[in-house]
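> What would the 3D arrangement of this be:
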Amino acid sequence: ELEEREAEPYSETEVMKRLVVKDEKVVLAHLQHLKNCNQEELLQEGLDFIRSHNIGINIDRFKNQSKNNMNENNMPHGGGCPGSRAMSFENTHTASASTANTQSELQQWPIQLHLLSPQAPYLAGSDLLLAADCTAFAVGDFHGEFLKGKRLAIACPKLDSGKEIYVEKLVSMINDAKINTLTVMIMEVPCCSGLLQIAQMATAQAQRKIPIKFIEVGLRGNILREEWV
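As a prediction, this is how the structure comes out:
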């Protein structure tokens, strides 16, 4: 039997009432989860409950949450989506004369998938690289290692609208432009995986069958996975 009813609004205070009667480790684990997810208001509500009720739980490590959760510009770090979390990388590479002026391997324009026409002559019989917007900035040798010899389409599965149009265009590129292969290159963040799903939907709907290579890039530009799917 299914019953449909309005859910009660979330209350961190009510959660704390249930947790404090359990083991202290459960409470600390819950507080740590709120901290990791940058849920500062909920964390503060939970801490206030513990203090106001004189509950004997050591919460010293959470006292500076507000301060630790701010960056140098007093802006909160990205929370919720791991792809929005602020991070800083140290650049350990030094430029050399041989790599300072790397030649571009871009063979066409435009490159944004919304602007690309499946009927463009340069797509006919080509190998297409469908890359998430961020990949070219993360991979040091994007042009020489991955773009060389391919046509390019870029898209962002998180921010772009009209993803059904992307599927239709890719279907047309497979059926009408008769592209040979499709390489899908994404970042490791979860929101980026939608680009592979778009490509797989297109290949499933297309009349022609072509091979798909999947490349997953780490946040430091390292290749985590590279395989035919």
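> So which residue is smack in the middle of this structure?
Central residue of the chain (C-alpha atoms, centre = their mean): residue 189, 3.2 Å from the mean position.
> and it, what pLDDT?
Residue 189 carries a pLDDT value of 91.
> what phi and what psi does the backbone show at it?
The phi/psi pair for residue 189 (degrees, to the nearest 10) reads phi -70, psi 140.
> What ranges does this protein have for its helices?
For the chain, the helices defined by DSSP state H cover 12-19, 24-36, 40-52, 65-68, 135-138, 142, 163-175, 194-205.
> Let me know how buried residue 33 is, in neighbour terms.
Other residues near residue 33 number 12, with proximity taken as other C-beta atoms under 10 Å. To be clear about C-beta, it is placed using only N, CA and C from the backbone, and glycine gets the same treatment.
> what's the answer for residue 143, then?
Going by other C-beta under 10 Å, the residues that sit close to residue 143 add up to 16.
> my read: it touches residue 104, true?
Yes. Distance between residue 143 and residue 104: 5.8 Å, which falls inside the contact criterion (C-beta atoms under 8 Å).
> which residue lies farthest from the center of the protein?
residue 54 (41.7 Å).
> Near residue 203, how many other residues are there?
19.
> so what pLDDT did the closest residue to it other than its chain neighbours get?
Spatial nearest neighbour of residue 203, chain neighbours left out: residue 212 (6.2 Å); criterion: C-beta to C-beta, 6 or more residues apart in numbering. Looking at residue 212, its pLDDT stands at 96.
> So what pairs up with residue 212 in the strands?
Per DSSP bridges, the residues bridged to residue 212 are residue 182.
> Against residue 32, how distant is residue 51?
Counting by C-beta to C-beta, to the nearest Å, the gap from residue 51 to residue 32 is 17 Å.
> Give the rounded mean pLDDT of stretch 142-162.
93.
> My error: substitute stretch 28-43 in the last question.
Stretch 28-43 comes out at a mean pLDDT of 82.
> Pick out the least confidently modelled helix or strand of the protein, by mean pLDDT.
Across the helices and strands of the chain, mean confidence by mean pLDDT, DSSP states H and E is lowest for helix 65-68: a mean of 44.
> Look up the pLDDT of the closest residue to residue 28 other than its chain neighbours for me, please.
Nearest residue to residue 28, sequence neighbours excluded (C-beta to C-beta, 6+ apart): residue 57, at 7.1 Å. Confidence at residue 57, expressed as pLDDT, is 83.
> Nice, that's everything, thank you.
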